[in-house]
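> pasting a predicted model and its sequence here:
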Amino acid sequence: MLEVKGISYRYPSSPWLFRHLSLRIMPGEIVGISGYSGSGKSTMAQIIGGYLKPDEGTILIDGQAIPIFGFHPVQLVWQHPERAINPKWRMKQIFEESGGFDQKLLASLGIKSEWLERWPRELSGGELQRFCLARALVGDVKYLVADEMTTMLDAITQAQMWHAVKRLAKERNIGVLAISHDQHLLKRVSDRIINFTEIN
Ligand SMILES: Nc1ncnc2c1ncn2[C@@H]1O[C@H](COP(=O)(O)OP(=O)(O)OP(=O)(O)O)[C@@H](O)[C@H]1O
């Protein structure tokens, strides 16, 4: 189980963004989270994914703190794939760096093998985002945080990606936190939905 226990965060010279925020995600469970713009959902996502350190509180997996070094068992997929990918590497290199190829996974996300030879700038936003999702799902990922993962994408790509995430979550027992302003999407993909303002 992923436990977010009483975390608090404030950016330098700013008031508390949230205090004593807690939530739990079970393996294989998809938890949707909504909340007003600027309330701190992405900041919380970055804390859970290990990109930011909380000022108070802890993140535990099965009762243990997440090791600071090595593979992070919580992987984050952001809204803007172009900001998450090194533009100087071909897609193949990006994949190799993150732990290698899983042909079945690539196929299930609709990633064509010829895209692997391309540079990031030679792929559309939707194609790049599929790569980011595939990269997040390579290896022994235990939890996935999808922060507005498909907001910029067309309905078909959105449906394909979420179909794959739902299937993989159940098959591999990966817990998922889906952050979105799209209530219809959250209702479709989530086992339960939390309002961000109710957890802090
Ligand atoms: N690096 C930063 N330094 C200072 N303030 C920041 C920084 N990053 C974000 N903020 C502020 O923190 C607040 C929360 O931002 P965050 O992106 O976490 O909210 P959010 O709930 O994800 O918003 P949205 O739904 O619009 O994506 C905002 O007021 C934002 O301006």
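Cool, the structure landed.
> can you name the residues of the chain sitting close to the ligand?
On the criterion C-beta under 6 Å from any ligand atom, the ligand has as its neighbours in the chain the residues 11, 14, 17, 35, 37-43. For the C-beta atoms, the positions are set from N, CA and C on the backbone; glycine is no exception.
> got the contact list for the residue nearest to residue 98 when sequence neighbours are not counted?
Spatially, and ignoring its direct neighbours in sequence, residue 98 is nearest to residue 135 (4.6 Å; C-beta to C-beta, 6 or more residues apart in numbering). Applying C-beta atoms under 8 Å, 6 or more residues apart in numbering, we find residue 135 in contact with 75, 94-95, 98.
> so which of those residues are in helices?
94-95 (DSSP state H).
> what's the local residue count around residue 67?
11 (other C-beta atoms under 10 Å).
> so which elements touch the least confident helix or strand in the chain by mean pLDDT?
Taking mean pLDDT, DSSP states H and E as the measure, the helix or strand of the chain with the lowest value is helix 91-97, at a mean of 83. Identification of packing neighbours for helix 91-97 by 3 or more C-beta pairs under 8 Å, 6 or more residues apart in numbering; DSSP states H and E yields helix 125-137.
> next SSE after the helix it packs on?
strand 143-147 (DSSP states H and E).
> that following strand pairs with which strands?
strand 74-77 (parallel), strand 175-179 (parallel) (DSSP bridges).
> quick one on the thing from earlier: and which of the residues of the chain next to the ligand is nearest residue 107?
residue 42 (30.4 Å; C-beta to C-beta).
> tell me which element that closest one falls in.
With DSSP H and E as criterion, residue 42 is part of helix 41-48.
> what mean pLDDT does stretch 126-142 get?
For stretch 126-142, mean pLDDT rounds to 91.
> now the longest helix seen in the chain: buried residues?
Criterion DSSP H: the longest helix present in the chain is helix 155-172. For helix 155-172, the buried set under the neighbour-count rule, 16 or more other C-beta atoms under 10 Å, comprises 157-158, 160-162, 164-166, 168-169.
> elements contacting that helix?
Short answer (3+ C-beta pairs under 8 Å, 6+ apart): helix 155-172 packs on strand 30-34, helix 103-108, helix 125-137, strand 143-147, strand 175-179, helix 183-189.
> that one versus strand 175-179: what angle between them?
150 degrees (axes from the mean of the first three to the mean of the last three C-alpha atoms, to 10 degrees).
> send me helix 155-172 as CSV with only the CA atoms.
Provided in CSV are the C-alpha atoms of helix 155-172 (Å, rounded to 0.1, in the frame of the first residue of the first chain):
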residue,chain,number,x,y,z
ALA,A,155,-10.3,11.4,-27.4
ILE,A,156,-9.0,8.3,-29.2
THR,A,157,-5.4,8.5,-27.9
GLN,A,158,-6.8,9.3,-24.4
ALA,A,159,-9.0,6.2,-24.5
GLN,A,160,-6.2,3.9,-25.7
MET,A,161,-3.8,5.1,-23.1
TRP,A,162,-6.3,4.7,-20.2
HIS,A,163,-7.4,1.3,-21.5
ALA,A,164,-3.7,0.2,-21.4
VAL,A,165,-3.2,1.7,-17.9
LYS,A,166,-6.3,0.1,-16.5
ARG,A,167,-5.3,-3.3,-17.9
LEU,A,168,-1.7,-3.1,-16.7
ALA,A,169,-2.8,-1.8,-13.2
LYS,A,170,-4.9,-4.9,-12.7
GLU,A,171,-2.5,-7.4,-14.4
ARG,A,172,0.6,-6.1,-12.6
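> having no further points to raise, I will conclude here.
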